[in-house]
Structure formats: structure tokens, C-alpha cells
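**Student:** coords please:
(2 chains)
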Number of protein chains: 2
Amino acid sequence: MLSSYSAELAGLAGARCVVTGGLGFIGSNLVHALVAAGADVRVVDALVPQHGGDRRNLDGVEVEVLAADLADVRVAEFVAGAEVVFNLAGQVSHHASMVDPLRDLDLNVRSHLAFLETLRRVVPGCRIVLTSTRQVYGRPERIPVDELHPTRPVDINGIDKLACEQFHLLYGTVHGLRPTVLRLTNVYGPRQNLQKDDLGALPVFIRRVMNGEPIRLFGTGEQQRDCLHVDDVVRAMGAATADRAVGEVMNLGHEKSWSLREIVQAIIDASGSPSTIELVPWPSELARIDIGDFRADWTKAAELLGWKPSVELADGIGDTVDFYERHPWYRSST
Amino acid sequence: MLSSYSAELAGLAGARCVVTGGLGFIGSNLVHALVAAGADVRVVDALVPQHGGDRRNLDGVEVEVLAADLADVRVAEFVAGAEVVFNLAGQVSHHASMVDPLRDLDLNVRSHLAFLETLRRVVPGCRIVLTSTRQVYGRPERIPVDELHPTRPVDINGIDKLACEQFHLLYGTVHGLRPTVLRLTNVYGPRQNLQKDDLGALPVFIRRVMNGEPIRLFGTGEQQRDCLHVDDVVRAMGAATADRAVGEVMNLGHEKSWSLREIVQAIIDASGSPSTIELVPWPSELARIDIGDFRADWTKAAELLGWKPSVELADGIGDTVDFYERHPWYRSST
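**Tutor:** You can find the predicted model right below:
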């Protein structure tokens, strides 16, 4: 689907870009697209074992990689000259954040604050596009959820990501960086780590269906999610480097939402798997941090960026299953 | 004014209470009131030199004091058996938070998160009343500002205090602690550190006026503030231990707001000082984090706690000036 990137990333040809978390799922897809667009790309990635980053995600492209946390002193020299920073580094597991709250704070807030201090010193005025999460809203009071919806996160990860957003925006208003925040919903597609059970529901579904295993859904399985193909996220990140997006917070999402049951069925249909769906009761420790149904209102991104999602779920799932069939190591445990 | 505490704190007679930041301004006033009410009080205070805590603030009462950060391992044993924790520890200087953002994060967020982990392990189910700040709202979109106003802090300290609030509420919903958050406006009264220039405008005004020095106000001097006497805050903290306040966030404030110029004039009037008022241009680094006029809507606290402010500005300033005349060390530099 790479050809669809061209319009939004064309303006970055020749631009010096840094992608943090560039060995991870969304980050590595972005790096492939930026390189294809002719950007000068560097990657910072801490390669935290639990996080799903993998050097093989950048197979086929030549970019310089610094394996380091954002707070590492080596980052300053590495980011010198950057015009655009795509900041995707961080821990995404809600469950891990509840098990070790201080670690999530360090990874998702403290390291980013140190990184912002580095950027304002080394590359004042640089553009920075941060990926955040719908989790900052907590349980929706209304659907679809727009950017004016109250932000009341229901887990440590959501609180930390919200603080991280606010630091980025503050460094725009007081220190001259030029930030944009994109709040993502459930993202799926190639190069996602499928082996870990706490990086999101979709990669677990994909792995288990492709391996022919049964799928367990909590509760009724009717929870609504507006899934977004990673290509659409990459296009939005390119569009978000426009000057008019500076200082803005925008949701990304899809026109449609689907139930978890429908999403699993789409994966089963695409892969021809014999997997079946089982409904099981909510584990109490997860029920307390579940947000119920969700669909984002992304009118603002449409208006400001001229962006809209281009990939339908059935097509996107088909593309994704096809990718993992061609790259079976993603589904194996090694 | 101690007699006015009786109603709100009477229910805490015999209760095991911990006051963090208990050597500081509001904390020490609370400790005096709790001891007078017959509570069993312990104090944790890190005595950070820049923060204004002082052992002399507890002259005249006998309470056990642990000089430690909230994240200190000794805290667990010290808080064992606590029924109510009044959590006032932290850094209040907006300016300091901008100069050293990571330190503010450590003091106002990381240490509190570690403290919450300690509490849920050692005293699960305990009541915890956190003092927060109107700074979490940022620049008001409307006045008075109620608790549904968007939270968009304009400085590091405000971002950190908001994250701290959210952690407290989360430990209520998922871990069984019973938190209440009180958002304070400008608080004045006895036992405030007057010597440091970045702990709030009011103590600087009081020191300079009582020392006969000129007062410089930024801009027009017409910025509105709803000042609250510390006795009213102490009464609210007592009332906030009621079960119906669990899980709630409430503003405290006054019916009236005053301009900074009126506040300074009230101090001049109360002290008979020859001080004069000068208007000077905003320093740019402060202008960027100024919030303009502010007045809190505290209807929720009135309804839920049966609380309302009882001290008028002129009376409260008179009482405050009188206290510092009787305790001149607060105004000296040693």
C-alpha cells in the first residue's frame, strides 16, 4: 500500500527526520515510508524487550539507529540538525502500567520530558509530532469522542500519555518547539509485534487466528472499536507536519466502528482459519480499566490536515494477513 | 482563629492521621488544628530547602516527624495504621518547575506515585485528601471556573499536579484507597514562608510591605485573585474526610476576588506600612505562564461538604500581619 503515502510525505523529501520508537510497529512503517519519500531518516529506539521493537522491522532500508532511551545523553548529538521529530517511543501496555506504575511513568513521561529538554537546547524550533492515544479520554461520556471531551484516563498509561502530551504542547508555547499531538485508536497492520499479549487486542487476535487457535472475547464481544490501518496513521503523520497543525491536538479514527467479534471474524475470513470465538467473563483487574465502546470524532484532522482514512477494514485485514503469511517470524515465539 | 476549626475537625478526635508536608505552610496549620481536635498526628516532610517547610512551624505541638521524601522506604512503617492521610507534600513554585522540569516531576509526581503504592500496600482503604491547585485549569475560558472546566495547565507544575490528582483518583477506583482532591487558589495566613520569592505572590507582598519596601506589580496590577485564608482551607480539609467526598475533585475559593493592587493595599492598611505600589512590565518568562484573572466556582464543595469560606480578606490579612509581628523570624532572612 506504499504508493498511497506519496502525497502526504512528498514534502519531506530531503528533510532531516528523527523517528523515536522507529523499530516498533508504527515507527518502522513510518520509517519505510519516509525513506521511500526521500527523507533523511534517523531512528532512536531503546529496544525495551517487552515493547515489541525489532531490528528486522527495518529490513530493506538503510538508516542510522541509536539504541538508546530518549533520556540518554547520546541523544543530543544524534538529533542535531533534525527538522522534524516523529516521537513514537514509549510503552503502550495498559496492563504493564498497572503492574509497575513507576516504570511506565519513567518511560512515558520522564524520558520524554528529558527528550524535550534536549530538543529545545539542540534543535530549537524543530517540528515534533507525538503519537498519543484515545486512552487519555477514559470512558467516553459521548460517542464519537472529539478533542473537547474531558480527559479522565482510567489507567496509569493513560495518565502518563496525557502528561506527555501536555509537556509537548507546553514546550511549544514557552520554548519554541513546534508540536502536534495525534491521538490514535486501535491501529493494525504489518510489522506489529504479534507475540506479546499486552500490546493491544488486535495483534493477539491476528496471531491466534493465523495459528488456528480459539479466540476468547471478554463479556459480550460487542465492544465497539474504530480500527485504523497503520498506512492511514503514517499518512496522517506526514500531513501533521504542516505548519497549520502546530500546537494542535487531533484524533485519528475511522468512519466506522466494528465490534470485537466482527473484527475477529474479518481476520478469520481473510485467513481461512478454523478458529472459533468464545465469550468469557471479564477478569476483574482488566474490567476496572476497560473503557467500553469507543469511536473517535476526527473532524478536526480532516479539516486541518485534509486527511481521512483510506483503508477499509476487510481490505486492511486482508493486506495484514497477507504480510504475516509472507513474514512468518512475526507469529513465532523466537 | 483556631476555635473555628472545631466543627469540621471534631470527627477526627482519636483518629490516626498522617500529614505530608506537615512542616510547611498549610500542613503545619492543619497539624495544629488536628492536635487541638484530639487527633493522633504524624508528619512526613522532606524539608527540601527551597520549599519553605520549617520545624519551627510546629512549635508548641508534640508530634512525631519523619524527615523524608514520600518515596523513602521508611515511609511504609511510619504510615502503618493511618486512617486519614492529608497529602500536602510537594513543590509549589511554578518558576522552579520551569527551571528544572525533571525535578518538579520527581517531587510532585514520581514521589507521590511511589507513596500511593506504599499506601495501597500498607493501609489499603485509607482516606487520603490531596491538596491540588487551580493551576491545573490553565488560563480560564470562563470565570468563575468550575470543576468541569478543561484542564490545560500552562506550566510544568500544573501538568505535574494534574497527573498527581489523576493518580490519586485512579488508586481510588482500582486499588481501594479513598481519595478526595481539593484544588486551592491563593492561600495566605500564618506560618507561610515569607523569605522566598517563588512560593506565591502573597507571601512576598506581606514580607515586603511589613519591611516597608516598595511593591512591584506586573502589568496593570488589576489581575483578580480569590484569596483564601489558611483557616478556611484547614476547615475544608477536615470536612473533606466525609465519606460522601470520596472520589471527588472540588475547588475551594472565596465569594469575592480582589485585584493584586487591592490585596497589597489591604496589607499596607493592616500594617501601617509606608510601602508604595509600582507597576512594572511583565518579565517575558513569567508572562508566558501567567493565567490572567481567576476566580473559582466552589459550589460543589459548598454542597458536598457544607463548607464555605468564613474569613473576609481585611480580617484575614489583619490576623496574618498580627501573627508575623508576633513571630518576626518569618520575615528575616535567617
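**Student:** Name all residues that make contact with A:Leu113.
**Tutor:** A:Leu113 sits next to A:Cys164, A:Phe167, B:Pro101, B:Leu102, B:Leu105 when contact means Cβ atoms under 8 Å, 6 or more residues apart in numbering or on different chains. Heads up, the C-betas are built off the backbone N, CA and C, glycines and all.
**Student:** ok, and for the host helix or strand of the last one, which residues are buried?
**Tutor:** Think B:Leu105. B:Leu105 belongs to helix B:101-105 when elements are defined using DSSP states H and E. For helix B:101-105, burial by neighbour count (16 or more other Cβ atoms under 10 Å in any protein chain shown) applies to B:Pro101, B:Asp104, B:Leu105.
**Student:** hmm, back to that, which of the contacts of A:Leu113 lies closest to A:Arg331?
**Tutor:** Using Cβ to Cβ, A:Cys164 comes nearest to A:Arg331 of the contacts of A:Leu113, at 31.2 Å.
**Student:** In the contacts of A:Leu113, find the pair that's most separated.
**Tutor:** For those, and using Cβ to Cβ, no pair is farther apart than A:Cys164 and B:Leu102, which are 13.6 Å apart.
**Student:** and the helix holding B:Leu105, average pLDDT?
**Tutor:** For helix B:101-105, the mean pLDDT works out to 98.
**Student:** And the contacts of that helix?
**Tutor:** Counting contacts by Cβ under 8 Å, 6+ apart, the residues outside helix B:101-105 that touch it are A:109-110, A:113-114, A:116-117, A:167, B:91, B:96-97, B:156-157, B:160.
**Student:** ok now it, how far from the chain's centre?
**Tutor:** Taking Cα atoms, centre = their mean, to the nearest Å, the mean C-alpha location of helix B:101-105 is offset from the chain mean by 19 Å.
**Student:** What residues sit buried inside the helix or strand just after that helix?
**Tutor:** Next helix or strand after helix B:101-105 toward the C-terminus (DSSP H and E): helix B:111-122. Within helix B:111-122, the residues that count as buried by 16+ other Cβ under 10 Å are B:Ser111, B:His112, B:Leu113, B:Ala114, B:Phe115, B:Leu116, B:Glu117, B:Thr118, B:Leu119, B:Arg120, B:Val122.
**Student:** cool, stretch A:271-286 as well?
**Tutor:** Buried residues in stretch A:271-286, defined by neighbour count with 16+ other Cβ under 10 Å: A:Ser271, A:Ser273, A:Ser275, A:Ile277.
**Student:** Touching, the third one and A:Arg216? I think so.
**Tutor:** Going back to what we said before, that points to A:Ser275. No. In this structure, A:Ser275 is not within contact of A:Arg216 by Cβ atoms under 8 Å, at 10.7 Å.
**Student:** And the pLDDT for A:Thr334?
**Tutor:** Reported pLDDT for A:Thr334: 52.
**Student:** no, scratch that, I was asking about A:Ala82
**Tutor:** In this prediction, A:Ala82 has a pLDDT value of 98.
**Student:** Are we agreed that it is in a helix?
**Tutor:** No. The assignment for A:Ala82 is coil, going by DSSP: H, G, I helix; E, B strand; the rest coil, so no helix is present there.
**Student:** Nearest spatial neighbour of it, chain-adjacent residues omitted?
**Tutor:** A:Val18 (4.5 Å; Cβ to Cβ, 6 or more residues apart in numbering or on different chains).
**Student:** got the residues of the stretch 51-200 of chain A near chain B?
**Tutor:** Residues of the stretch 51-200 of chain A that fall close to chain B, judged by Cβ under 8 Å from any Cβ of the partner chain: A:98, A:101-102, A:105-106, A:109-110, A:113-114, A:116-117, A:148, A:150-156, A:159-160, A:162-163, A:166-167, A:170, A:173-174.
**Student:** Among those, the buried ones, what's the PyMOL command?
**Tutor:** One line in PyMOL is enough to select the buried members of those, burial here meaning 16+ other Cβ under 10 Å:
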select buried, chain A and resi 98+101+105+106+109+110+113+114+116+117+151+152+153+154+155+156+159+160+162+163+166+167+170+174
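**Student:** So for stretch A:23-38, what gets flagged as buried?
**Tutor:** Applying a neighbour-count criterion of 16+ other Cβ under 10 Å, one finds A:23-35, A:37 buried in stretch A:23-38.
**Student:** cool, stretch A:195-205 as well?
**Tutor:** Along stretch A:195-205, these residues count as buried under the neighbour rule (16+ other Cβ under 10 Å): A:Gln195, A:Lys196, A:Asp198, A:Leu199, A:Gly200, A:Ala201, A:Leu202, A:Pro203, A:Val204, A:Phe205.
**Student:** Double-check the fifth one against A:Leu184; I have them as touching.
**Tutor:** Spelled out, that is A:Gly200. No. With contact defined as Cβ under 8 Å, A:Gly200 does not reach A:Leu184; the gap is 10.6 Å.
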